[in-house]
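Engineer: sequence isn't available, so here's the structure alone:
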C-alpha cells in the first residue's frame with residue numbers, strides 16, 4: 001500500500017498548465033505574431049485613451065455646469 005499524498009493547493013495544482021490555461025488566443029498551439037501583439041496593444045491603448053478623454057470631458061462639463069448654476 002502506498003502512502004497517501006495530500007492534494008496540492010489550488011495555486012500549485014494548475015502551475016504546470018498556467019501557460020496554456022491563461023492564453024487569450026483561441027488556438028493555444030498558435031503563438032501571436034509581433035504584428036498581432038502590436039495591433040492588440042494599439043487597440044487597448046485607443047480604448048484607454050477614449051475612456052480617459054470621456055472622464056476629463058465629464059469633469060470639465062461638471063465644472064462648467066456648477067459655475068453657471
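Structural biologist: That came through fine. Treat the numbers as computed from the prediction; the structure is a model and nothing was measured.
Engineer: shaky segments in the protein?
Structural biologist: 1-3, 5-25, 28 (pLDDT under 70).
Engineer: which helix is the longest one in it?
Structural biologist: Longest helix in the chain by number of residues (criterion: DSSP state H): helix 34-68.
Engineer: what is that helix packed up against?
Structural biologist: Of the remaining helices and strands, none touches helix 34-68 by 3 or more CB pairs under 8 Å, 6 or more residues apart in numbering; DSSP states H and E. To be clear about C-beta, it is placed using only N, CA and C from the backbone, and glycine gets the same treatment.
Engineer: list the buried residues in that helix.
Structural biologist: Residues of helix 34-68 include none that count as buried (16 or more other CB atoms under 10 Å).
Engineer: any idea how far residue 38 is from residue 32?
Structural biologist: Relative to residue 32, residue 38 is positioned 10 Å away (CB to CB, to the nearest Å).
Engineer: same deal with residue 60?
Structural biologist: 38 Å.
Engineer: just residue 43 next, same as before
Structural biologist: 13 Å.
Engineer: one more: residue 48?
Structural biologist: Distance from residue 48 to residue 32, by CB to CB: 20 Å.
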